[in-house]
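*Asks:* Quick one: sequence and predicted model below, then my questions.
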Amino acid sequence: MLAAGATASHAAAEPLLRVENLSVQYGGVLALQPIGFEVGERSLTLVLGPNGAGKSSLLRALGGATPLRSGRVVLAGRDVTTVPAFRRVRLGIALVPEGRGRLPTLSVRDNLILGWNSARPDLRDTQGAALEEMFELFPMLKERIDQDCNTLSGGEMQMLAIARGLLAKPRVLMLDEPSLGLAPLAIERVYQALAVLNARGLAMIIVEQKVVPLPHVPLTTLVLHNGRLRFQEPRYPSDDELAELYLGQEAQS
């Protein structure tokens, strides 16, 4: 029994996602300096930074869409650094890209079915049950189910993109600036849904340029500036800290 307990304790200590010394380079430009952090089960990681900070590069690297200059990505103890993007989705890393990532000319239903098809077959619910779960979270999608996705509002497009990512059955859902271009009410609705998902146990990495409305959700905040990790704490930075991190002098190497 002691041995079994020790094994269970060890397994519990293993992070869901471990990022080790990860860096990204485009041509001769180092877009993301080496960075390391861990994402636990049921956790929320908020990545903040101004334009050009390296936030999107980080998510694309984690999702397999951008090759690494250095480092490793380990998911549930498995090194997925060289695993292509479509296989990472089936292993449990899904990305909701900046700009909603919708597929124009397709209906809401077709976009959702594409998400459902990207899940591992052994993890899928029936298509009908999977869609009903999304309609429970985002009721307006049921009302718009046969509409061309280009006819949706910005907030509805974002909810569709999130639902499509969720249908892939991820263990880690990554969202690139989900509040971008949305009205305050739409931002509030999107983040209410994200808080519900996190409370149900879904680990998330959310990239934004500013602090977002999740005041009661435990989280870890990373702040990037010019490709460097400048802040890493289990809390939001204060307004003064954020202003200094965004506008102040670079940390000395």
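*Replies:* Everything's here; your move.
*Asks:* quick one, longest helix in the chain?
*Replies:* Criterion DSSP state H: the longest helix present in the chain is helix 184-199.
*Asks:* I'd like the next helix or strand past that one.
*Replies:* Using DSSP states H and E, the helix or strand that directly follows helix 184-199 along the chain is strand 203-208.
*Asks:* Just give me the residue right at the centre of the chain.
*Replies:* For the chain, the residue sitting closest to the mean C-alpha position, by C-alpha atoms, centre = their mean, is Met174 at 1.0 Å.
*Asks:* what does the helix or strand containing it contact?
*Replies:* Using DSSP H and E, Met174 sits in strand 172-176. Applying C-beta atoms under 8 Å, 6 or more residues apart in numbering, the external contacts of strand 172-176 come out as 16-17, 39, 55-56, 59, 62-63, 75, 92-98, 162, 165-166, 194, 197, 202-207. Glycine gets a C-beta too; all of them are placed from N, C-alpha and C.
*Asks:* quick one, it and helix 184-199 angle?
*Replies:* Angle of strand 172-176 versus helix 184-199, following axes from the mean of the first three to the mean of the last three C-alpha atoms, to 10 degrees, is 160 degrees.
*Asks:* what lines up beside strand 172-176 in the sheet?
*Replies:* With DSSP bridges as the test, strand 172-176 is paired with strand 93-96 (parallel), strand 203-208 (parallel).
*Asks:* thinking Ala31 is in contact with Ser56, fair?
*Replies:* No: using C-beta atoms under 8 Å, Ala31 is not in contact with Ser56; the gap is 9.2 Å.
*Asks:* on that earlier part again, packing partners of the longest helix of the chain?
*Replies:* With contacts taken as 3 or more C-beta pairs under 8 Å, 6 or more residues apart in numbering; DSSP states H and E, helix 184-199 sits against helix 127-137, helix 154-166, strand 203-208.
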